[in-house]
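Q: Okay, sequence plus prediction incoming.
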Amino acid sequence: MIYDVTVEGKPHRLELEKSEEGWTCRLDGGEIRVDAVVTRPDVLSLLVDGQSYEIKREQTAADLHLWVGSARFGVELRDPRSLRSRRDGTGDEKGPKKLTAPMPGKVVRVLVAEKSEVETGQGILVVEAMKMQNEIKSPKKGVVQRILAVPGANVNAGDVLAIVE
Amino acid sequence: MFKKILIANRGEIAVRVIRACREMGIRTVAVYSDADRAALHVRKADEAYPIGPAPAAESYLRMDKILEVARRAGAEAIHPGYGFLSENSRFARACADAGVKFIGPTPGAMELMGSKTRARQEMEKAGVPFVSGTSRGLESADEAEQVAERIGYPVMLKAAAGGGGKGMRLVHAKADLRPALEAAQSEAQRSFGDAEVYIEKAIVNPRHIEMQVLADEHGNTLWLGERECSIQRRHQKVLEEAPSAIVDPEMRRRMGEVAVRVARAAQYTNAGTVEFLVDQQKNFYFLEMNTRLQVEHPVTELITGLDLVHLQIRIADGEKMPFAQEDVTIRGHAIECRIYAEDPDNNYFPSPGKITLLLAPSGPGIRRDSGMYEGWTVPLEYDPLLAKLIGYGTDRRQATMRLQRALYEYFVAGIKTNISLFQRILQDPDFQAAKLDTGYLDRLLAGERRSTEDGGRGAEIAAIAAGLFAVLQPAPGVAGNGNATGGAGGANSNWKQKGRSEALR
């Protein structure tokens, strides 16, 4: 089996082959012998040259993270035979920026009016969740184009609350 | 002894009290909101009854519904836990009127201490040391400015009915006073239904140290040692320990005696906590008294060998204090981490959601008081405290190392938690040297984050593990789509593809 694996943004080529006493892994050409057991769902025990690793898998709708001990790695896994799609430069600073709710909660207050000028880091509105009030701050300097949030309304994670241009 | 107790709370503290009751052979009654049908406290109790919709105001704060459950279930006493109705004197009174014992102080003592301003006036009479400021609520922004001018900036604005940092603002200069006062008043009104705010001189870089007291209903009042609670974020305690590294036996005795004087002045009964601010010269000032069991009570339990919840119940049942002051001894060191559902990588935003994987630590010197379990969905309506992990050792260093070890074993997936924050704190040289004050955590968080260890091999292992997971245990949601031949990884990458295209929309 051959995979393209990206770990924290760095691409690797991984080949896996089952052998008598475990797995032969070729990672970017280098060969590593591994003994692997899924000890319970989402927990993998790896023995590599006598070194023991416990790897935990956290899969959400958008991301896959693997934890090696207490270190977390963002991972993407592709079968190179399938079509590739690539995320390209979405982090540009120009153009309208959407402010989204980082967690489900309730809009408590809107701190600025539409069309007002805001600085980077200025609070735009306040969302309350789990008894904590959190200021949602502007990601850039600009003008608040639209405020879509209404005080008192419940919002879900990812809902667009305002747009700064 | 009581035969049945109702626990008017949820989460880890409800589970904690249920456990104590079971140990004492007392039956337990849980109450729950619509959001908590599957909560752990409901599963652990002998009986459980619904009390209304998810918002606390319509369930856990509904005295009438809770007392109705107590009556119907035949509970003789109510343990309020912390938060919710625990410091509500009207509830304590309503319990008495309904013939149910409230496990806590009398309504009178709660009223006195519940108003920070009234408490200040009484403690002034009892000769308790405290920080200069007003002992009354502020009438106007003009008055606030005058008082602030007189006692000098920085000043602290505080809600008279406050607690947990709500309705509290630190003000460094006159220009910030008016907006801070408005914000504090509106927050106080929202959180406590009472907009009264008073002003105090702010002590720069104080330590926050509190003294546990315990009083029976026969006039015996004892102190049980201090807890160091200086590690806070947004005035919320994050990590507590006992004893405090700066308190020696002589200072402990003096603080304990002041705390007992405070409790006696309020004719206090049951468990309570007297909070002090301690300045750099180790002068201590009365801050407030918390008329309830504290979140951080386990550290005191571990170093004294006492069970505070057992004692609360026995005292409420009318028993005399089973030991004297000189019998209270302190042994070893305990540190508690408050595990919150919040995201350390995203400004500690709350992170409710479903727990998909939970690996819990155990072993020597580790105590875990938890309200969560794997498969449970953490509701967004309540406090984000999920669990408390407490390490105990012969000394501070051993307790620290045991906690680090236990945190390494602790793993929660599906939601974000602040577990990594505690690794950072416990490895920090200033923490290890016990150089603490209430500004400690903000300084730590403002500093550079140390990169994760693992000697560089972690990424390589993660890459291999990603492939092996795909082969050995395909991600949920991809099994059974008929694409297994030619490598389950093919199915996995389709699934990833879908996730990616959705993320791009």
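A: The structure has been received and is ready for your questions.

Q: these two touch, right, B:C21 and B:L6?
A: No - counting by C-beta atoms under 8 Å, B:C21 sits too far from B:L6 to count as a contact (10.1 Å). In this view, the C-beta of every residue, glycine as well, is placed from N, C-alpha and C.

Q: Looking at the two, which is more packed in?
A: B:L6 (30 against 25; other C-beta atoms under 10 Å in any protein chain shown).

Q: Check the gap between that one and B:L407 for me.
A: Separation of B:L6 from B:L407 (C-beta to C-beta, to the nearest Å): 34 Å.

Q: May I have the predicted confidence score for residue 145?
A: Here I'm looking at chain A. pLDDT, the model's per-residue confidence, is 89 for A:Q145.

Q: meant chain B actually
A: If you check B:E145, the pLDDT there is 92.

Q: so who does it touch?
A: Applying C-beta atoms under 8 Å, 6 or more residues apart in numbering or on different chains, one finds that B:E145 lies in contact with B:K174, B:L177, B:R178.

Q: By neighbour count, which of those residues wins?
A: Counting neighbours by other C-beta under 10 Å, B:L177 leads these with 22 neighbours.

Q: what sits in contact with each of B:C21 and B:L6?
A: What both B:C21 and B:L6 touch, as defined by C-beta under 8 Å, 6+ apart, is the set B:T28.

Q: Name the residues of the least confident helix or strand in chain A by mean pLDDT that are buried.
A: Within chain A, confidence by mean pLDDT, DSSP states H and E is lowest for strand A:132-137 among all helices and strands, at a mean of 82. Of all the residues in strand A:132-137, those buried under the rule 16 or more other C-beta atoms under 10 Å in any protein chain shown are A:M132, A:Q133, A:N134, A:I136, A:K137.

Q: Can I get those residues in TSV including distance to chain B?
A: Supplementary listing: the buried residues of strand A:132-137 in TSV, determined by distance: C-beta to the nearest C-beta, whole Å:
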residue	distance to chain B
A:M132	6
A:Q133	8
A:N134	6
A:I136	9
A:K137	9
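
Q: is it fair to say A:Y53 lies in a strand?
A: Yes - according to DSSP: H, G, I helix; E, B strand; the rest coil, A:Y53 belongs to a strand.

Q: excluding its backbone neighbours, what's nearest the residue nearest the centre of chain A?
A: With distances taken as C-alpha atoms, centre = their mean, chain A has A:D63 as the residue nearest its mean C-alpha position (5.0 Å). Leaving aside its chain neighbours, A:D63 sits nearest to A:G74 (6.4 Å; criterion: C-beta to C-beta, 6 or more residues apart in numbering or on different chains).

Q: can you count the residues close to the one you found?
A: Applying other C-beta under 10 Å, we find 13 residues neighbouring A:G74.

Q: Which positions in the stretch 301-450 of chain B make contact with chain A?
A: B:341-343, B:346-347, B:349-352, B:356-357, B:359, B:380-384, B:407-408, B:411, B:413-414, B:419-420, B:423 (C-beta under 8 Å from any C-beta of the partner chain).

Q: Generate a ChimeraX selection restricted to the buried entries among these.
A: Selection command for ChimeraX covering only the buried members of those, criterion 16+ other C-beta under 10 Å:
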select /B:341,342,343,349,350,351,352,356,357,380,381,382,383,384,407,411,413,414,419,420,423
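
Q: as a whole number, average confidence for the one helix or strand B:A160 maps to?
A: Counting by DSSP states H and E, the element that carries B:A160 is strand B:155-163. Per-residue pLDDT values across strand B:155-163 average out to 85.

Q: which residues sit against the helix or strand following that strand?
A: Past strand B:155-163, further along toward the C-terminus, the next helix or strand under DSSP H and E is strand B:166-171. Contact with strand B:166-171 is made by B:148, B:153-159, B:161-162, B:177, B:180-181, B:183-185, B:187-188, B:191-192, B:197, B:202, B:235, as judged by C-beta under 8 Å, 6+ apart.
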